[in-house]
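*Asks:* Sequence and predicted structure below; questions after.
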Amino acid sequence: MTEHDVVVIGGGPAGLAAAIAARQAGAQDVWIIERDKRLGGILQQCIHNGFGLHIFDEELTGPEYAQRYIDLAEEQGVHAMLDTMVLDITPDRVITVVNKKEGLQTIKAKALVLAMGCRERSRGALNIPGTRPAGIFTAGTAQRFVNMEGYMPGNQIVVLGSGDIGLIMARRLTLEGADVKMVCEIMPYSSGLKRNIVQCLDDFGIPLRLNYTVVDIRGKDRVEGVTVAAVDENRRPIPGSEEYVPCDTLLLSVGLIPENELSRSAGVELNPITGGPVVDESMQTSIAGVFACGNVVHVNDLVDNVSTESAIAGRAAALYALGTFDGSTPGITVKTGPGVRYIVPNAINLARVEDSVTLYFRVDNVYENAALRVSTDKGVLFNIKKKIMVPGEMQHIKLKKAFLEKQGDITEVTVEVAGEEV
């Protein structure tokens, strides 16, 4: 068994940022374990621009953004174990891995960072009736085919779900000559960013049908068409609204799920709403010395936020490995109130906060001219007026350490929406 100061599981944007921060915080022996043959994660196939506006103050493509961090990781002396699969993690941070070169081996980590990212929901999670022909892909799979493998998934395409990957692929496939018929979304609002709706759908004349879903798939060997229908407030198809749409491809962009099989095997407590680990302000999970960051905790809409959050986890992991991490129990529980679906982090230890702590959360509906209310067990702290809030865009609030300390011995912070939903 080998032993290292900090081991990071996953070499995507979260893992890279965490590893770099760990080195910068003083950890000498930092390793990234990545199952792919190269670092970068999902950014390798995201050739569109829009990355890095907050971190680098410029617009980069996904590979360019990833390369910035890969270069920095090499400069910092971060070690990478590529083409290696993690099979198991124990609560005492013993990692079992396997690869072609060394075979099966175990690694002991003084501190561990979980940065495995997320995966897409597949057809099996949707219970769509119909046959099982070729031509049904998740949007991310189609993205890899087009951008990395050089294959077109089809020519006449219907997209189910309005996640950001689906919206971006609607534009990408249109640019490659495909006929994207429509994007159907079962909810009354899009789950993607507003800028992607404008740039990927509106600019290319691709219709977005809200309150619509696919109710049947036709075709034996290959998709021949799908039947779409409007849904009511309970998301049930409305009889008589069915419409048959000829197509040879159905793309699914129906949500992302944190990749947490390894977190479960380690015994980490998971949030039932996000599916990711419950974490505190240092991104430490319910197990001491095990940290988590990025989309494995909750699905972010900006990679810049992933990098910022992961740097916090990396620094804290380094301090833990060096024996200087404050191991006291967080004194403040962070809760969601009406209108807020989930929030990260779930607890705050003010002794570990240097200047401020940022709360990231998503609302559960579309709200216009509403307010975010932050309160404690001793009363309301403040209200923030918001012109519009939608579930597809992450919200955040920064709380200054000095401000929280002035409130006295508080034990709870709650964030809620105070206003009317659309």
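*Replies:* Perfect, I can see it now.
*Asks:* So what's the residue count around P133?
*Replies:* 16 (other Cβ atoms under 10 Å). From N, CA and C alone the C-beta is placed, and that goes for glycine too.
*Asks:* Equivalent analysis for Q28, please.
*Replies:* Neighbours of Q28 using other Cβ under 10 Å come to 13.
*Asks:* Identify the residues contacting the residue of the chain positioned farthest from its centre.
*Replies:* Of all residues in the chain, G240 sits farthest from the chain's C-alpha centroid, using Cα atoms, centre = their mean; the distance is 37.2 Å. For G240, the contact set (Cβ atoms under 8 Å, 6 or more residues apart in numbering) is empty.
*Asks:* in which helix or strand would I find it?
*Replies:* Per DSSP states H and E: G240 is located in neither a helix nor a strand.
*Asks:* what do you get for V334?
*Replies:* Applying DSSP H and E, one finds V334 within strand 332-336.
*Asks:* Now do the buried residues in that strand.
*Replies:* 332, 334-336 (16 or more other Cβ atoms under 10 Å).
*Asks:* From G163, how far off is the most centrally placed residue in the chain?
*Replies:* Ranked by distance to the mean C-alpha position of the chain (Cα atoms, centre = their mean), the top residue is V299 at 2.2 Å. As judged by Cβ to Cβ, to the nearest Å, V299 and G163 stand 9 Å apart.
*Asks:* The stretch 51-200 of the chain: helices as residue ranges?
*Replies:* Under the criterion DSSP state H, counting those that start in this stretch, the stretch 51-200 of the chain carries helices at the ranges 62-76, 139-144, 164-175, 194-196.
*Asks:* For those helices, please prepare CSV with the additional fields distance to V7 and mean pLDDT.
*Replies:* Shown next, in CSV, are these (distance: least, Cβ to Cβ, whole Å; pLDDT from 0 to 100):
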stretch, distance to V7, mean pLDDT
helix 62-76, 14, 97
helix 139-144, 26, 96
helix 164-175, 29, 96
helix 194-196, 35, 91
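*Asks:* just these: most buried one?
*Replies:* Sort those by mean neighbour count, taking mean count of other Cβ atoms under 10 Å, and helix 164-175 sits at the top with a mean of 23.
*Asks:* Can you list the helices and strands that it packs against?
*Replies:* With contacts taken as 3 or more Cβ pairs under 8 Å, 6 or more residues apart in numbering; DSSP states H and E, helix 164-175 sits against helix 139-144, strand 156-160, strand 179-185, helix 194-196, strand 249-252.
*Asks:* so what strands line up beside the last one?
*Replies:* Here strand 249-252 has these sheet partners by DSSP bridges: strand 136-138 (parallel), strand 156-160 (parallel).
*Asks:* re earlier: quick check: which of the helices of the stretch 51-200 of the chain is nearest to G12?
*Replies:* Closest of those to G12 is helix 62-76, at 7.9 Å (criterion: Cβ to Cβ).
*Asks:* which residues are contacting the closest one?
*Replies:* Counting by Cβ under 8 Å, 6+ apart, 12-13, 16-17, 19-20, 23-24, 30, 32, 39-48, 51-52, 55-56, 60, 80, 303, 307 sit against helix 62-76.
*Asks:* Same question for stretch 186-198.
*Replies:* With contact meaning Cβ under 8 Å, 6+ apart, stretch 186-198 is reached by 50, 161-164, 166-168, 185, 208, 210-213, 231, 235, 255, 301, 365-366, 390-393.
*Asks:* just how off-centre is stretch 124-144 within its chain?
*Replies:* Centroid separation for stretch 124-144 versus its chain: 21 Å, with Cα atoms, centre = their mean, to the nearest Å.
*Asks:* likewise stretch 26-42?
*Replies:* 18 Å.
*Asks:* pLDDT on that stretch, on average?
*Replies:* Mean pLDDT, computed over stretch 26-42, is 96.
*Asks:* Next, the buried residues of that stretch.
*Replies:* Those buried within stretch 26-42 under the rule 16+ other Cβ under 10 Å are 27, 29-35, 39-42.
*Asks:* And it, end to end?
*Replies:* Taking Cα to Cα, to the nearest Å, stretch 26-42 runs 28 Å from one end to the other.
*Asks:* How about stretch 268-286?
*Replies:* First residue to last in stretch 268-286 (Cα to Cα) measures 6 Å.
*Asks:* Could you do stretch 277-289 as well?
*Replies:* End residues of stretch 277-289 are separated by 13 Å (Cα to Cα).
*Asks:* same deal with stretch 76-90?
*Replies:* Using Cα to Cα, the two ends of stretch 76-90 sit 28 Å apart.
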